[in-house]
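K.L.:
Based on what follows, work out the 3D shape:
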Amino acid sequence: MSSFTVGGLSTGIDYNDLISKLIEAKSQPIKILEKKKTSYNNKITQYNSISSKLSSLKSAVEKLKTSSNFYAKSVSAGDSTVLEATVTSSAGIGNYSITVKSLASEEQEVHSGVTTSTTIINNSGSDKVFQYTYAGTQRSLTVADGTTLEGLRNLINDDTGNPGVTATVVNDGVGAAPYRMIIKGNGSGAANTITVDAGTTLDGTGSTTDFRSTAFTEKKTAADADFTVDGLQIKRSTNSITDVISGMTINLKKDGDVSSKVTVTADRDAIKKQLNDFVTAYNDVVDLISTNTAYDSTTKTSGVLSGEGTARNIKNQLRSIISGTVSSQPADMNILSQLGITTNSKTGKLDVNSSTLETKLSSDLTDVATLFTTSTNGIANQIYTYITNVTSTVDGSVTLRGKGLQDLIKDIDDTVKSMQYRLDKEQQDLVRKFTALESLVSGYNTVGNYLSRLA
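P.N.:
Numbers count the residues shown, from 1 in each chain. Below is the predicted model:
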């Protein structure tokens, strides 16, 4: 609203105050609309919070909606010196007997040695070649005149085409030539062999050091892991086995025909935690909606979402799923309350009877699982599907309500802009009228003063 100044010396009237009050009175509809806009923005904020809480609940029930997710598993190895194992929820419950004949290993070639790490291995006056093959890939490296043992190590390691070996220089303190270059394959398995090839021209003649294959000793041989699972012989290129028993990673640690039992069981503590996480996420949704739709009789104020059908329907639909019966389940395990998870009649939130829950997990784990995982009407599947639909970015009710509120805010902004334009114009008109009136009265006063002097 623009500022204005109208003099009132002639009439003694404070036109500025008068105009301000007139415009203030006519601005009330705008203030009402701005208040509505604030209310709509607050609703959008709370719907965003509901959407976030629903997302957390969806993540919680996703861990319960399929058997592979619901059955959190634990694994133990009879002899942890032989192997270690980890499992995901998809691993099958059972016992396995694993015998390790030999471990997978990487190849290691050791050079016969030179006097120091800075011994020049090519002093021939021209370039030489060091050629090797690793895992089927051959590399030919140019060894310039003046290259030292450390220099050759760096040529191998810094080679952009290095197929997967690492060269090191060590001093083993043995003999007159204790500095030895070790070439080690980075990967284990029988396919990852190292050979020093015939193209090597560092041959020990013409002021060079011999780096042909005969100057190397194989200290470690590339080999596959050789083991059996329940009598079935298996070979793998690594000691970390992920593709033999579904959902299980086996790390072999010791060989020599040594054996260990591996036992996979349902981890009831982990399952219980998943169920408690679900209850917490559900209660967070209910608590948020209840708080924002409630009427406070003390302050006589309503929640931000009071009267919002979308929020109320979400709460009611979730409650309906929670209290519903899952068909095809046995009579003593076809409703959530039989698991020890009940709805509080005052708050609408879920309460957990830990003792009952523990008993059911111990005695009826399969029925507990299907209560949640049944694809048609399992509790977790129903909630997951419902949240997916209600939060859809295309036609979910939460999304549509948010868009509807945004449209209302836009309408208010457009209306306020139009009303403000008319008010500004009316203010300008009032300024002109009162300025003209002040001018007219001033003229009359001038004439009156003149006539008074004549009298």
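K.L.:
hey, where'd the helices end up in the stretch 1-150 of the chain?
P.N.:
For the stretch 1-150 of the chain, the helices defined by DSSP state H, counting those that start in this stretch occupy 15-26, 28-62, 67-70, 149-158.
K.L.:
what do you get for the stretch 301-450 of the chain?
P.N.:
Secondary structure of the stretch 301-450 of the chain (DSSP H, counting those that start in this stretch): helices at 309-323, 354-363, 365-373, 379-390, 397-454.
K.L.:
Can you lay out those helices as a markdown table showing mean neighbour count, distance to Lys65 and mean pLDDT?
P.N.:
Bear in mind the C-beta positions are built from the backbone N, C-alpha and C, glycine included. What follows is the helices of the stretch 301-450 of the chain, written out as a markdown table (neighbours: other Cβ atoms under 10 Å; distance: least, Cβ to Cβ, whole Å; pLDDT from 0 to 100):
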| stretch | mean neighbour count | distance to Lys65 | mean pLDDT |
| --- | --- | --- | --- |
| helix 309-323 | 17 | 12 | 96 |
| helix 354-363 | 14 | 17 | 94 |
| helix 365-373 | 20 | 6 | 94 |
| helix 379-390 | 20 | 4 | 96 |
| helix 397-454 | 13 | 21 | 80 |
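K.L.:
so which of these comes closest to Thr343?
P.N.:
Each of those has some distance to Thr343 by Cβ to Cβ; the shortest is helix 309-323, at 6.3 Å.
K.L.:
Which other helices and strands does the closest one contact?
P.N.:
helix 28-62, helix 268-293, strand 341-343, helix 379-390, helix 397-454 (3 or more Cβ pairs under 8 Å, 6 or more residues apart in numbering; DSSP states H and E).
K.L.:
Of all those, which one comes closest to Tyr134?
P.N.:
Closest to Tyr134 of the helices and strands packed on helix 309-323 is helix 268-293 (Cβ to Cβ; 43.3 Å).
K.L.:
What residues sit buried inside that closest one?
P.N.:
Within helix 268-293, the residues that qualify as buried by neighbour count (16 or more other Cβ atoms under 10 Å) are 268, 271-272, 274-279, 281-286, 288-290, 292-293.
K.L.:
as a whole number, average confidence for stretch 267-281?
P.N.:
Average pLDDT, stretch 267-281: 95.
K.L.:
what sits against Asp255?
P.N.:
For Asp255, the contact set (Cβ atoms under 8 Å, 6 or more residues apart in numbering) comprises Val100, Lys101, Ser102, Leu103.
K.L.:
just to revisit the earlier point, now render the helices and strands packed on helix 309-323 as TSV, adding distance to Ile194.
P.N.:
Below are the helices and strands packed on helix 309-323 laid out as TSV (distance: least, Cβ to Cβ, whole Å):
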stretch	distance to Ile194
helix 28-62	47
helix 268-293	45
strand 341-343	61
helix 379-390	53
helix 397-454	60
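K.L.:
Quick check: can you list the domain ranges of the chain?
P.N.:
1-72+267-438, 73-104+224-266, 108-220 (automatic domain parsing).
K.L.:
Ser452: which of those is closest?
P.N.:
Taking the domains of the chain one by one with Cβ to Cβ, domain 1-72+267-438 is closest: 15.9 Å.
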